[in-house]
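**Student:** after the sequence you'll find the predicted model.
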Amino acid sequence: MDPRTRKLIVFGAFIASVIYGAVNLIGTPQPSAPPAPEPVRHEIQATPVSKASFIDIEKYSALDWGSDPFCRDNNNNRQAQMPIQPETPAWILGGILYDDLQPAAIVNGHIVRRGEIINGARVTRIDKNRVTLEKDGSEFSLSIAKDKS
């Protein structure tokens, strides 16, 4: 296709899109909404309440329902069973800053190096993927938990 024909086609498409946009921009006139109705006023009449329509609290409070969760006095007698939580570890490895000369690790939010003590344990080794600690003659390793998201 020669450049002149291509320019004519592009120019024609441009003119058609401008006309289409102008027609849709102006749009058709919307019919006016009908006027809102006047609010209706209702007269509230007080109706007499008979004693029979009230709930007899004495009757229901004598039943054995258990303790009221909203009343502190009833709950003082019973001890709440708290679920046993697993013991949290004393050392949490936040990250490893590995360097051949001076590797460091972030344990419990503190930067530590080989030989330093954190929460009573001595850092004996820092590798690329784990940190080895020693406490009371036993060694254990910390590794970074992988994010499951």
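**Tutor:** Alright, I've got the coordinates.
**Student:** which residues are in contact with residue 118?
**Tutor:** Contacts for residue 118 (CB atoms under 8 Å, 6 or more residues apart in numbering) come out as 91, 107-108, 110, 112, 133. The way it works is simple: take the backbone N, C-alpha and C, and place the C-beta from them, glycine included.
**Student:** residue 20 and residue 12: what is the separation?
**Tutor:** 13 Å (CB to CB, to the nearest Å).
**Student:** oh, I was asking about residue 63
**Tutor:** 87 Å.
**Student:** the more surrounded of these two?
**Tutor:** Between residue 63 and residue 12, counting by other CB atoms under 10 Å, residue 12 is the more crowded of the two (10 against 7).
**Student:** now the element after the helix or strand where the more buried one lies, going C-ward?
**Tutor:** In the assignment (DSSP states H and E), residue 12 maps to helix 3-26. Sequence-wise, the next helix or strand downstream of helix 3-26 (DSSP H and E) is helix 57-61.
**Student:** count the neighbours of residue 93 for me.
**Tutor:** The burial count for residue 93: 18, using other CB under 10 Å.
**Student:** could you shift the numbering so residue one becomes 3, and keep it that way?
**Tutor:** Okay, residue one is now 3; in that scheme the one you just asked about reads as residue 95.
**Student:** for it, give me its contacts.
**Tutor:** Counted by CB under 8 Å, 6+ apart, residue 95 has contacts 107-109, 133, 144-146.
**Student:** got a ChimeraX select line for the buried ones in the residues you listed?
**Tutor:** Entered in ChimeraX, the line below selects the buried ones among the contacts of residue 95, by 16 or more other CB atoms under 10 Å:
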select :107,108,109,133,144
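**Student:** show me the shaky parts of this protein.
**Tutor:** Along the chain, the parts satisfying pLDDT under 70 run over 29-33, 46-55, 67-71, 73-91, 148-151.
**Student:** nearest residue to residue 145 in space, please, no chain neighbours.
**Tutor:** residue 132 (4.5 Å; CB to CB, 6 or more residues apart in numbering).
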